[in-house]
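1. return atomic coordinates for the entry below.
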Amino acid sequence: MAVSATPAPAPQTAVEKTVTTSLGLGAQAYLARLSTLHDEAAETAHLANLLGRTPWVAGVLGTASLATIIISLRSMPSAPLGVWLASMAIAIAVTARVYGRAVAQPFDRESLKEFARNFSAILMFTGAVWGAGVTLALPAGASIAASIFYLAGTSAAMAAILRVRDLGFCFLVPATVVGAICVLMRNFDGAAAAGVLGGGVAAAGAAVLIERFSGIGFGMRQE
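-> Sure thing, here's the model as predicted:
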């Protein structure tokens, strides 16, 4: 019984090879573009979410500032209190300014990225001012526990509101470092300064856990 041979497939012409290659490259480019659009949409959503939490940051800082002033008003000179309160007011006012500009275009990615960069810088300034409050706003007889609560407690509250580790650290790090230096200069007590730094480390750990369990953290990409 004769077995018929299967005819070999005809070789592709140059035109067919070009078309096949183009289709493959086109599909890869489409998938790459789709992935890029997905990443951009996710980043825009994260940044818009951050924008929505900014008034809470300003509100908590304002409330904490007023509470500090009320507690220290009778035991601190008015000059350092005034300087500190004016600095905090400037920080909150600038926050409101950049928020107002960004909220006018709440889904524009470039506007939101510019807001995030500006907000990071504002948080660093605000953290430094808050740390200086150990000397300028807290009574001279304040205990080390009160100083730690003032610094670490506020930093943890900022981390809970922001829920983004990088931004939380923008406030926490300068507040803790400046606060520890102020404690060291005021009391000449290395153990007290170390306690402030330890409180900052605990607040940093809380910031990491908050971001992890909230599931909305994102990297601050600079382009």
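2. can you report phi and psi for Thr176?
-> Main-chain torsions, Thr176, degrees, to the nearest 10: phi -70, psi -50.
3. apologies, that question was intended for Ala194.
-> Per degrees, to the nearest 10, the backbone of Ala194 is at phi -60, psi -30.
4. which residues in this protein form helices?
-> Under the criterion DSSP state H, the chain contains helices at 14-72, 78-103, 109-136, 144-148, 154-162, 165-187, 190-214.
5. now tabulate these in JSON lines and tack on mean neighbour count and mean pLDDT.
-> In short, each C-beta sits where N, CA and C put it, glycine included. Listed next are the helices of the chain as JSON lines, based on neighbours: other CB atoms under 10 Å; pLDDT from 0 to 100:
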{"stretch": "helix 14-72", "mean neighbour count": "14", "mean pLDDT": "71"}
{"stretch": "helix 78-103", "mean neighbour count": "16", "mean pLDDT": "93"}
{"stretch": "helix 109-136", "mean neighbour count": "21", "mean pLDDT": "93"}
{"stretch": "helix 144-148", "mean neighbour count": "18", "mean pLDDT": "91"}
{"stretch": "helix 154-162", "mean neighbour count": "23", "mean pLDDT": "93"}
{"stretch": "helix 165-187", "mean neighbour count": "22", "mean pLDDT": "92"}
{"stretch": "helix 190-214", "mean neighbour count": "17", "mean pLDDT": "90"}
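6. so which residue is dead centre in the chain?
-> Nearest to the geometric centre of the chain sits Leu167, at 1.5 Å (CA atoms, centre = their mean).
7. give the contact list for that residue.
-> Applying CB atoms under 8 Å, 6 or more residues apart in numbering, we find Leu167 in contact with 50, 116, 119-120, 123, 220.
8. go on, Ile210?
-> 159-160, 163, 165, 168.
9. need the max-distance pair from these.
-> Across these, the longest distance by CB to CB is 11.8 Å; it joins Ala160 and Arg165.
10. list the residues that contact Leu136.
-> Contacts for Leu136 (CB under 8 Å, 6+ apart) come out as 80-81, 83-84.
11. wait, Arg186
-> Going by CB under 8 Å, 6+ apart, Arg186 touches 134-135, 140.
12. how far away is Leu47 from Gln105?
-> For Leu47, the distance to Gln105 equals 11 Å [CB to CB, to the nearest Å].
13. equivalent analysis for Ala48, please.
-> Ala48 is 10 Å from Gln105, by CB to CB.
14. between these two, which contacts overlap?
-> Each of Leu112 lies in contact with both Ala48 and Gln105 under the rule CB under 8 Å, 6+ apart.
15. may I have stretch 91-107 as CSV, with CA atoms only?
-> Presented in CSV, the C-alpha positions along stretch 91-107 are these (Å, rounded to 0.1, in the frame of the first residue of the first chain):
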residue,chain,number,x,y,z
ALA,A,91,3.3,76.0,56.5
ILE,A,92,-0.4,75.5,56.7
ALA,A,93,-1.1,78.4,54.4
VAL,A,94,1.3,77.2,51.8
THR,A,95,-0.3,73.7,52.0
ALA,A,96,-3.7,75.3,51.3
ARG,A,97,-2.2,77.2,48.4
VAL,A,98,-0.7,74.2,46.6
TYR,A,99,-3.9,72.2,47.4
GLY,A,100,-6.1,74.9,45.9
ARG,A,101,-4.0,74.9,42.7
ALA,A,102,-4.1,71.1,42.4
VAL,A,103,-7.7,70.6,43.2
ALA,A,104,-8.6,72.8,40.2
GLN,A,105,-7.3,69.9,38.0
PRO,A,106,-7.9,66.9,40.2
PHE,A,107,-7.3,64.3,37.4
